[in-house]
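Chemist: Provide a 3D model corresponding to the input given below.
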Amino acid sequence: MVGQGWTRRDFLRRTAAAGALATTGGWALSACTSVSSGDPLAAAKAAGKIKIGIANEAPYGFTDAGGRVTGEAPEVARAVFKALGIADVEAVATNFDGLIPGVTAKQFDMVAAGMNITPARCGQVAFSIPDYSARTALLVPRGNPEGVRGFDEVKAKGLKLAVLSAAVEKGYAESAGVTEIETLDSQDTLLRAVADGRVGAAALTDISLKDLVKKNPDIAVEVTPGFTPQGKGKDVVSAGGFVFRKDDKALLEAFNAELKKLHENGEWLRIVEPFGFGKDNLPAGGLTTEKLCAT
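Modeler: Reported below is the predicted structural model:
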């Protein structure tokens, strides 16, 4: 059992909000109805609104206790669309592993959920320019009794590792030889699995885990220092972006142009700082979507 500091009610309140309609701050939550066919950029400009997909995972994209859609990705997207003359954004909340099927099925026009750019995903959808970079970290019991700081040590200690469904950390762990991996459906269940001792550690981006611990100060867990995982003997750069259908080139190009401006003029940093992002999370020069898709 967990203590009174547990935020399960907050999580349930957040999840419940995803099924309701909210209009706070120019955002609306919407049911999973199909978007119109044709050019989504032209349609969005004509209607003054566009539909995005989120996974209700803080701090990348989630619905807060008041029913407002927020997070790094939605807020950056909001600034981009405002520059494009699109004032209203409707957000559809789904499981992380439902985001790519959802955008390809036209349940929404794009994904704003902090999704890593990987070759496998690039085969299904188109990504924006890299929006951010993040290191991997482990969530462990407070005091880190096993002394693990990376996947190699998780393997050596024979610990069971928890990861999120469809997240890249499972592949990173498998490449390192970790064999006992439990796939879970939310950050909340990752936190409970570590706190209850069902797993020895959980893997996610350091940004996500630090946010999770900050919001649950009474839970006896901590986050290890961030590290760079390896794949095929090479360091794996973790960088994420926004997701589009491959045919929606006009929308992708217009979005990229405005996102690049936010990166260059310092506005991006102002937007993302409240969610635990800093200047170190701005993608390094020379890091491109093409390189990440080919890695």
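Chemist: strands paired with the host helix or strand of Ala202, and their directions?
Modeler: Ala202 belongs to strand 201-205 when elements are defined using DSSP states H and E. Using DSSP bridges, strand 201-205 pairs in its sheet with strand 136-141 (antiparallel), strand 161-164 (parallel).
Chemist: what about that strand, average pLDDT?
Modeler: Across strand 201-205, the average pLDDT comes to 97.
Chemist: next SSE after that strand?
Modeler: The C-terminal neighbour of strand 201-205 among helices and strands, as given by DSSP H and E, is helix 206-215.
Chemist: report the buried residues of that following helix.
Modeler: Asp206, Ile207, Ser208, Leu209, Lys210, Asp211, Leu212, Val213, Lys215 (16 or more other Cβ atoms under 10 Å). Heads up, the C-betas are built off the backbone N, CA and C, glycines and all.
Chemist: ok, Phe89 to Trp268 distance?
Modeler: Rather than Phe, residue 89 is Val. 17 Å (Cβ to Cβ, to the nearest Å).
Chemist: returning to that earlier point: quick one: the strands paired with strand 201-205 as TSV, columns for mean pLDDT, distance to Ala73 and mean neighbour count too.
Modeler: What follows is those, written out as TSV (pLDDT from 0 to 100; distance: least, Cβ to Cβ, whole Å; neighbours: other Cβ atoms under 10 Å):
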stretch	mean pLDDT	distance to Ala73	mean neighbour count
strand 136-141	98	19	24
strand 161-164	97	16	26
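Chemist: just checking, Tyr60 touches Ala73?
Modeler: Yes - the criterion here is Cβ atoms under 8 Å, and Tyr60 meets it with Ala73 at 5.2 Å.
Chemist: okay, and the common contacts of the two?
Modeler: Ala113, Gly114 (Cβ atoms under 8 Å, 6 or more residues apart in numbering).
Chemist: look up which helix or strand Thr183 falls in, please.
Modeler: Using DSSP H and E, Thr183 falls in strand 181-184.
Chemist: so what strands line up beside that strand?
Modeler: Here, using DSSP bridges, strand 181-184 pairs with strand 161-164 (parallel).
Chemist: just give me how far the strand it pairs with sits from the chain centre.
Modeler: In terms of Cα atoms, centre = their mean, to the nearest Å, the centre of strand 161-164 is set 15 Å apart from its chain centre.
Chemist: ok so, going back, of Tyr60 and Ala73, which one has the most company?
Modeler: Neighbour tally, Tyr60 and Ala73, criterion other Cβ atoms under 10 Å: the higher count belongs to Ala73, 30 against 27.
Chemist: and the more buried one, what does it touch?
Modeler: Applying Cβ under 8 Å, 6+ apart to Ala73 gives the contacts Ile54, Tyr60, Gly61, Ala112, Ala113, Gly114, Asp131, Phe242.
Chemist: that's all I had, so thanks and see you.
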